[in-house]
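Asker: Need coordinates for the following:
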Amino acid sequence: MTSTTQHTVEFIYAILETVADPEVPVLSILDLGIVRDVQLKDDGFHIIITPTYSGCPATEMIQLQIRMALLENGIQHFQIVHRLSPAWTTDWMTEAGKQKLQAYGIAPPEKKFAIPEDGVTCPQCHSTNTRLVSAFGSTACKALYQCSDCKEPFDYFKCH
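Answerer: Numbers count the residues shown, from 1 in each chain. Reported below is the predicted structural model:
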């Protein structure tokens, strides 16, 4: 029996749930929504992923982590397939993932296709008395804000 007949698509998803995003380690790649599908084909499992953007520097690391997790769990026949279309969107993030971001101190995306100038909810004190400091935060997918009430700076996960 090969690994493709011993294991199910659900088992692969359970493995992928353990793979953390290298830039935001509190999120799994499933929380982030970059795993688009898992399919069982004649040559093994196909894991279809869409990076958060085409130049994301974490993509290679995520692919390596997927490979390592699958091999550690006895999955030997698989392919990681990159799909750039449709483009990833923050709409693909799970609600649980957005809550994990908030608890981690990063404001989750609130308004579609916008970097609001102010009014993003502070993940520390929950005030909306905040202001945009820079459209570029610690990574390209985040903007930097500061809360005017608690004075703490924080990242905001940009909408895509």
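Asker: just checking, what packs against the helix or strand containing residue 69?
Answerer: Using DSSP states H and E, the element containing residue 69 is helix 59-72. Packed against helix 59-72, as judged by 3 or more Cβ pairs under 8 Å, 6 or more residues apart in numbering; DSSP states H and E, are the following elements: helix 9-16, helix 29-32, strand 44-49, strand 78-82. Placement of C-beta: from N, CA and C, glycine included.
Asker: Could I get those in CSV, plus columns for distance to residue 154 and mean pLDDT?
Answerer: CSV is the format used below for the helices and strands packed on helix 59-72 (distance: least, Cβ to Cβ, whole Å; pLDDT from 0 to 100):
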stretch, distance to residue 154, mean pLDDT
helix 9-16, 28, 97
helix 29-32, 19, 97
strand 44-49, 28, 97
strand 78-82, 31, 96
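Asker: most tightly surrounded among those?
Answerer: Highest mean neighbour count of the helices and strands packed on helix 59-72: helix 29-32, a mean of 23 (counted as mean count of other Cβ atoms under 10 Å).
Asker: Let's test this: mean pLDDT of the helix holding residue 69, rounded?
Answerer: Averaged across helix 59-72, the pLDDT comes to 96.
Asker: and of the helices and strands packed on helix 59-72, who's closest to residue 157?
Answerer: helix 29-32 (9.8 Å; Cβ to Cβ).
Asker: Measure how the very next helix or strand once past that closest one sits relative to helix 59-72, angle-wise.
Answerer: Downstream of helix 29-32, the first helix or strand assigned by DSSP H and E is strand 35-41. Interaxial angle, strand 35-41 versus helix 59-72 (axes from the mean of the first three to the mean of the last three Cα atoms, to 10 degrees): 40 degrees.
Asker: Relative to strand 35-41, what are the paired strands and their orientations?
Answerer: Sheet pairing for strand 35-41, assigned by DSSP bridges, gives strand 44-49 (antiparallel).
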